[in-house]
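*Asks:* Model the following, please.
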Amino acid sequence: MDTLYAPVGALRQERACGLVAEAHIIDERSEWRTFGDKEKEGDDPSRVGGAQNPFMNDGGLSTGIGKLPGGAGGQYNTLMRLHNRQNVSDRAMQTASREVATTCERLRMTDAVRNSALEIYKDVHDNKALKGRALKAVYAACIFVAAKRENTPRTFKEICAVMPDVSKVDIGRCFTAIDRMYKKHLQMKAMHQGKDLAGAVALEGARPNATAGMATQATDLIKRFMSKLGLEQKVSLMAHRVGLKAAELAAAEAVPWASRDPATQACALIYGVLLIQKLRFPDTADELPDFQRLADVGGMAPSTIRDGFRQMLPYLATPGKLVADKDAGADILARLEDAAAESLGPGGWDAKARKKAATKATRPAAGVPSGSAAAAGFGR
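*Replies:* Numbering: from 1, shown residues only. I've put the predicted structure just below:
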């Protein structure tokens, strides 16, 4: 049987008698059209459309009204505006998605943190827990909580550095409201299950709405700060062990550094651990970083780290208090306070004495002309 195929008419026709054997044949070739506004700009090799968005009420698969080519519109533009006004929740999620994605990219965070932050924002928006708050502060608080949940915590200062329009106070207030919202949900769940709040938190474990340990601790920041300083892994592990001991001690008794910022505690502990390492291995240990370098990593003033280290020093120098026996013996810790005073230079802990000693060291000796006098030609 001699058959003629007509691709244009989508027919299969017999040559001899002209009988149409099959009509309306389905074209199985690739269709490179997306029927979107940007189709006129060139071929789009994507034939699957956008991915489904779980944060949208309709999954991001709703019908949209596009613009007419050539800028003409009239009633079509009016229909498009009215259609976009229908779902306020989806528009809020679209705005949040853009802002959160930009901030996470500046902070070099993973997609897991971004998705977790959007999930938290959706919970906050649906429950109207932060109605009336500044949107950027809400985004920052959601990112802060999400980073903590994904074990990549950031401090308020680090988030404020990439979001200059937001203050730490605003982020703290929004964070408190988010924590209160999740605790309220856990309390309601505990009432239905006949358990207390602690039992409900234990049941939740590491689920997205768990509230236990949401605040940033010093141990969450130590490894990242050590990595920025370029120090060895074994020193980082030792600092983490000391940080865990410090957290246990702060929970058991009143310690002088309990009210300090977690970043300050982390930098002070790092300085103490590096000083111990310097005493243990004076020839092979890394050069001890000054307080200014630690301040650049932690985002604070050097005097703040110095004061925090001074509060921790008696506990670091006591064997078995913060430093385990396998990390440093009693003979090493006995020399810690003297080494700390020596590392500060002339004047020790007294800020005025250090400033006076530094001024005296830079002042020219008697009979020696200063640089300006010599430059003017008066020095002989």
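*Asks:* what residue ranges in the protein score low on pLDDT?
*Replies:* 1-13, 21-53, 57-64, 66-74, 84-89, 193-215, 283-289, 344-380 (pLDDT under 70).
*Asks:* Which parts of it are strands?
*Replies:* Using DSSP state E, the strands of the chain run over 3-6, 11-14, 20-23.
*Asks:* and the lengthiest helix in the chain, what does it pack onto?
*Replies:* Looking across the chain with DSSP state H, the single longest helix is helix 168-193. The elements that helix 168-193 packs onto, with contact taken as 3 or more Cβ pairs under 8 Å, 6 or more residues apart in numbering; DSSP states H and E, are helix 111-127, helix 135-149, helix 156-162, helix 197-204. For glycine as for every other residue, the C-beta is placed from the backbone atoms N, C-alpha and C.
*Asks:* helices and strands around the shortest one, which ones?
*Replies:* Under the contact criterion of 3+ Cβ pairs under 8 Å, 6+ apart, helix 156-162 touches helix 88-106, helix 135-149, helix 168-193.
*Asks:* now those in TSV, with mean neighbour count and distance to Asn127?
*Replies:* Formatted as TSV, the helices and strands packed on helix 156-162 follow (neighbours: other Cβ atoms under 10 Å; distance: least, Cβ to Cβ, whole Å):
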stretch	mean neighbour count	distance to Asn127
helix 88-106	16	12
helix 135-149	24	12
helix 168-193	16	6
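*Asks:* between these, which one is nearest to Met226?
*Replies:* helix 135-149 (18.1 Å; Cβ to Cβ).
*Asks:* now for the closest one, which elements pack on it?
*Replies:* Partner elements for helix 135-149 (3+ Cβ pairs under 8 Å, 6+ apart): helix 88-106, helix 111-127, helix 156-162, helix 168-193.
*Asks:* Alpha carbons of that helix, in CSV - could you do that?
*Replies:* Provided in CSV are the C-alpha atoms of helix 135-149 (Å, rounded to 0.1, in the frame of the first residue of the first chain):
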residue,chain,number,x,y,z
LEU,A,135,8.4,43.9,56.9
LYS,A,136,12.2,44.0,56.7
ALA,A,137,12.5,43.3,60.4
VAL,A,138,10.1,40.4,60.0
TYR,A,139,12.2,39.0,57.2
ALA,A,140,15.4,39.4,59.2
ALA,A,141,13.9,37.6,62.2
CYS,A,142,12.7,34.7,60.0
ILE,A,143,16.2,34.4,58.6
PHE,A,144,17.7,34.4,62.1
VAL,A,145,15.5,31.6,63.3
ALA,A,146,15.9,29.6,60.0
ALA,A,147,19.7,29.9,60.2
LYS,A,148,19.6,28.6,63.8
ARG,A,149,17.4,25.6,62.8
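*Asks:* Direction-wise, compare that helix with helix 168-193 and give the angle.
*Replies:* 60 degrees (axes from the mean of the first three to the mean of the last three Cα atoms, to 10 degrees).
*Asks:* what angle do helix 135-149 and helix 111-127 make?
*Replies:* 130 degrees.
*Asks:* relative orientation of helix 135-149 and helix 88-106 in degrees?
*Replies:* 60 degrees.
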